[in-house]
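Q: Structure, please.
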Amino acid sequence: NRSWAVQIAVMIGCYCRAFFPPGTAKPMLTIVGNQPGTGKSTLVAMALIPVFGHASAGKMPRNDDEMNKELETIARTQSPYLFLDDIGESIYSVALNRFITASSHAGREMGGNDKLFRVPQLTQVFCTGNDIKLSADLMRRTLAMELHLATEIRGRKYDRAITPAYLAKPETRQSMLAALCGVLRATLDLYGGTDGDNIVRIDGLESFEDYTSTISTIVQVAGYTDPLVAPELASSGAEDDDEMRLL
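A: Residues are numbered from 1 along each chain as shown. So this is what the prediction gives:
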């Protein structure tokens, strides 16, 4: 389904991050669940831990001033990802909008001096929450996944518990990285060594054309559906505006 294709796309994107030159903008991954315990944080960890060895989550800043400070720190340290976990009811942040689509970031160096820093965009943003509402501007910058569990989470039994400790085991990371390598090689075997005439050109998302076109091609060659198809999230976007236009 579409949401699973998005998960594969994000995992491939983390694995293939060196494909893209510094400054390549990447859409945010948003995972929306209908209740706690649906596996939102685990899916983010499945994308991050095999590649980076960790999935460090942070809290959502309370306002745009704090968001600006957080994003400036992330940019200055050239962090490969920002993981905002369990964000609450909504995200409306002009600072985050700018950060996701920018090709570079500038700010003031630490230490109270007047020196400025300027660095290329390297950071992939992840966020999770239950029934969260995103602004229309942020939805345009998002690949969204939907998780819906019709029953209570408590008491469910699993054949295998997928925990951060399990994902961080060397043998688990090796297996997942090998699988991602196999997906990538399928695309290289199909299109490698040609003049490019037989490559199916997939339109990328606006503002993220290079990144999303490449990742979507890899995912679809592997047999999954297009991860760039727009989600039908009743709780996200400019819902009132959309309903008024429909009326």
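Q: Can you pull up the most central residue in the protein?
A: Nearest to the mean C-alpha position of the chain, by C-alpha atoms, centre = their mean, lies residue 29 at 2.8 Å.
Q: State the helix or strand in which it lies.
A: Using DSSP states H and E, the element containing residue 29 is strand 28-33.
Q: Would you tell me what the next helix or strand after that strand is?
A: Note on strand 28-33: by DSSP H and E, the next helix or strand toward the C-terminus is helix 40-52.
Q: Pull out the C-alpha coordinates of that following helix and format them as CSV.
A: These are the backbone C-alpha positions of helix 40-52, laid out as CSV (Å, rounded to 0.1, in the frame of the first residue of the first chain):
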residue,chain,number,x,y,z
LYS,A,40,5.2,5.1,14.8
SER,A,41,8.5,5.5,16.6
THR,A,42,9.5,1.9,15.7
LEU,A,43,9.1,2.7,12.0
VAL,A,44,11.4,5.7,12.3
ALA,A,45,13.9,3.6,14.2
MET,A,46,13.8,1.0,11.4
ALA,A,47,14.9,3.7,8.9
LEU,A,48,17.6,5.4,11.1
ILE,A,49,19.2,2.6,13.2
PRO,A,50,20.5,0.4,10.4
VAL,A,51,22.3,3.3,8.8
PHE,A,52,23.3,5.5,11.7
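Q: what comes up buried for that helix?
A: Residues 40-51 are the ones in helix 40-52 that count as buried (16 or more other C-beta atoms under 10 Å). From N, CA and C alone the C-beta is placed, and that goes for glycine too.
Q: What lies in contact with that helix?
A: Contacts to helix 40-52, defined as C-beta atoms under 8 Å, 6 or more residues apart in numbering, come from residues 7, 10-11, 13-15, 17, 29, 31-33, 54-55, 57, 80-81, 83, 85-86, 126, 128-129, 145, 147, 162-164, 167-168, 172-173, 176-177, 180.
Q: Also stretch 135-147?
A: When contacts are defined by C-beta under 8 Å, 6+ apart, stretch 135-147 is touched by residues 3, 6-7, 9-10, 27-34, 38-40, 43, 90-94, 96-97, 100-101, 134, 206-208, 227-228, 231, 233, 236-238, 241.
Q: Any of those buried? List them.
A: Among those, those scoring as buried are 3, 6-7, 9-10, 27-33, 38-40, 43, 90-91, 93, 96-97, 100-101, 134, 208, 227-228, 231, 233, 236-237 (criterion: 16+ other C-beta under 10 Å).
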